[in-house]
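Peer 1: what follows is a predicted structure for the sequence shown.
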Amino acid sequence: MKKIVEVLPDKAALIERSRDVVLTKIQEAIQRSGRCTLALAGGGTPKPLYEALASQNLPWDKLHIFWGDERYVPADHPDSNQAMARQAWLDHVDIPATNIHPIPTDGESPEADASKHDTQLGEFFGVAADEFPQFDLILLGIGDDAHTASLFPHTQALQVCDRRITLGNKEGQPRITFTVPLINQAHCVMFLVAGAGKQPALAQIFAAEADPLTYPARFIQPQGELWWLLDQQAGQAVKG
Ligand SMILES: O=C(O)[C@H](O)[C@@H](O)[C@H](O)[C@H](O)COP(=O)(O)O
């Protein structure tokens, strides 16, 4: 794993830098394999990044969009991660509908939809049920409790090693999430973190030792590159 940590002067600089790194990673993936598989994060921090990507001129047919986690709400619900990315970005560019691979939330149950998406990933990447495909880029955020994707502290999802997709649990509300081994298989994982409220969580995530079940983002140790892009306020927590 190659770890890169950058602290940017403010939120605007963080978004500009993340846009540039994302564009580079998309280009590298397309050169490597003819396409780029990109998993998006929810939350407020990446929204301006998605808005910035909406004005780019990209080979949209080569980009395949996934989500690292989803809230269990209809696709047009204000809390839907899919809806946020569509409104900020995907609805404004010429990406083929078949290149957008949302986590389903309209099935019989969260369990059934998690299992369906696990199968969908296997089919898309052409891998067996017990294999973990390699995403080109996975975008992530962290919560004040150091959760990432929908991998919340001390939840069952953190222990799942034999599936790509599982159920997350936010204070009793079901979510659907990538598992730790799926995220860790990626070519590149990029965390975007802004604001002073994230300092305590970041301090524990970057500490020499701390329990990953309490600070789930510590589990993220991808095969490829691990980027932490922080604004100045969040970055106070990791300055030597
Ligand atoms: O669906 C979600 O809520 C996320 O994917 C989640 O893990 C998010 O990235 C963090 O909670 C950070 O959220 P903010 O960017 O809003 O701080």
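Peer 2: Cool, the structure landed.
Peer 1: other SSEs contacting the longest helix along the chain?
Peer 2: In the chain, with assignment by DSSP state H, the single longest helix is helix 11-33. In terms of contacts (3 or more C-beta pairs under 8 Å, 6 or more residues apart in numbering; DSSP states H and E), helix 11-33 is packed against strand 2-8, strand 36-40, helix 47-53, strand 137-140, strand 188-193, strand 225-231. C-beta: built from backbone N, CA, C; applies to glycine.
Peer 1: how big is the angle separating that helix from strand 36-40?
Peer 2: 150 degrees (axes from the mean of the first three to the mean of the last three C-alpha atoms, to 10 degrees).
Peer 1: coming back round to it: now the helices and strands packed on helix 11-33 in TSV, with distance to the ligand and mean neighbour count?
Peer 2: TSV is the format used below for those (distance: least, C-beta to the nearest ligand atom, whole Å; neighbours: other C-beta atoms under 10 Å):
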stretch	distance to the ligand	mean neighbour count
strand 2-8	15	14
strand 36-40	8	23
helix 47-53	8	20
strand 137-140	6	27
strand 188-193	7	26
strand 225-231	11	22
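Peer 1: can you put those in a markdown table and add mean pLDDT?
Peer 2: Listed next are those as a markdown table, based on pLDDT from 0 to 100:
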| stretch | mean pLDDT |
| --- | --- |
| strand 2-8 | 98 |
| strand 36-40 | 99 |
| helix 47-53 | 98 |
| strand 137-140 | 98 |
| strand 188-193 | 98 |
| strand 225-231 | 98 |
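Peer 1: those residues of this structure touching the ligand, which are they?
Peer 2: Residues of the chain lying close to the ligand by C-beta under 6 Å from any ligand atom are 41-45, 69, 81, 141-143, 147-149.
Peer 1: among the residues you listed, which one sits closest to Thr155?
Peer 2: Distance ranking of these against Thr155, using C-beta to C-beta, places His147 first at 8.6 Å.
Peer 1: and the gap between that closest one and Leu63?
Peer 2: Going from His147 to Leu63 by C-beta to C-beta, to the nearest Å gives 27 Å.
Peer 1: tell me where this protein is predicted with low confidence.
Peer 2: Residue ranges of the chain with pLDDT under 70: 240.
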